[in-house]
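Q: Can you look at this prediction? I've put the sequence above it.
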Amino acid sequence: MARDSLISECLSKRQDRIQKYSIENPHLEQVENYYVIQEGSARYIEYNSMQVFSGYASRKDPPEVLKDSMFKSYSEFKEVDLKEPAFDYLTYAAPVDYHYAIGFNIMRLLDRLKVEYKDSLLNNPEKGLYQYLQEHLKKSTD
């Protein structure tokens, strides 16, 4: 499958990069795994919340928000085109947003692949998102 070969290539290039730069930064892989989960899951939750709120904006009787004094209405969520690639895939992400964008998109890929990861993600943070992709490839070749 073409998708699996792209995933395999991505994982291979990442491993080459980790090996190359781990000489100077021996904890590179662990630090990267941590930030990809932390920042990527933040973006993932923000994105999915926007999807839900956008749906509420078009409802005749959306649920009330009682505990947030800054919340005014769902109407502002109508203004964001969630299908716009720049918003959907973070194509505008700067280098400082690397972990945020990569983690977000890996989580969406894992969802698309139907990989179970959410229950153990924060309870087992030493297992990086890339490991879930590796496990998916291993299962698909078995």
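A: Nice, thanks for sending it over.
Q: At the geometric centre of this protein, which residue do we find?
A: residue 104 (1.5 Å; Cα atoms, centre = their mean).
Q: what's the longest helix in this structure?
A: helix 28-57 (DSSP state H).
Q: wait, doesn't residue 18 sit right on residue 28?
A: Yes: assessed by Cβ atoms under 8 Å, residue 18 is found in contact with residue 28 at 5.9 Å. Placement of C-beta: from N, CA and C, glycine included.
Q: contacting residues around the nearest residue to residue 33 once chain neighbours are set aside?
A: In space, residue 33 comes closest to residue 128 once its chain neighbours are excluded; the distance is 3.1 Å by Cβ to Cβ, 6 or more residues apart in numbering. Listed by Cβ atoms under 8 Å, 6 or more residues apart in numbering, the contact set of residue 128 reads 29, 32-34, 36-37.
Q: Now, of those residues, which are buried?
A: 29, 32-33, 36-37 (16 or more other Cβ atoms under 10 Å).
Q: with those in mind, which one is nearest to residue 61?
A: Distance to residue 61 across the buried ones among the contacts of residue 128 (Cβ to Cβ) is lowest for residue 37, with 36.9 Å.
Q: Please verify my assumption that that closest one contacts residue 123.
A: No: using Cβ under 8 Å as the test, residue 37 is too far from residue 123 to be in contact (11.3 Å).
Q: Put together TSV for the buried ones among the contacts of residue 128, with pLDDT and distance to residue 119 on each row.
A: Formatted as TSV, the buried ones among the contacts of residue 128 follow (pLDDT from 0 to 100; distance: Cβ to Cβ, whole Å):
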residue	pLDDT	distance to residue 119
29	94	23
32	93	22
33	93	18
36	94	18
37	94	14
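Q: CSV please, covering those residues and showing distance to residue 52.
A: Shown next, in CSV, are those (distance: Cβ to Cβ, whole Å):
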residue, distance to residue 52
29, 34
32, 30
33, 28
36, 24
37, 22
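Q: where along the chain do the helices fall?
A: Going by DSSP H, the chain shows helices at 2-22, 28-57, 85-89, 98-112, 118-121, 129-141.
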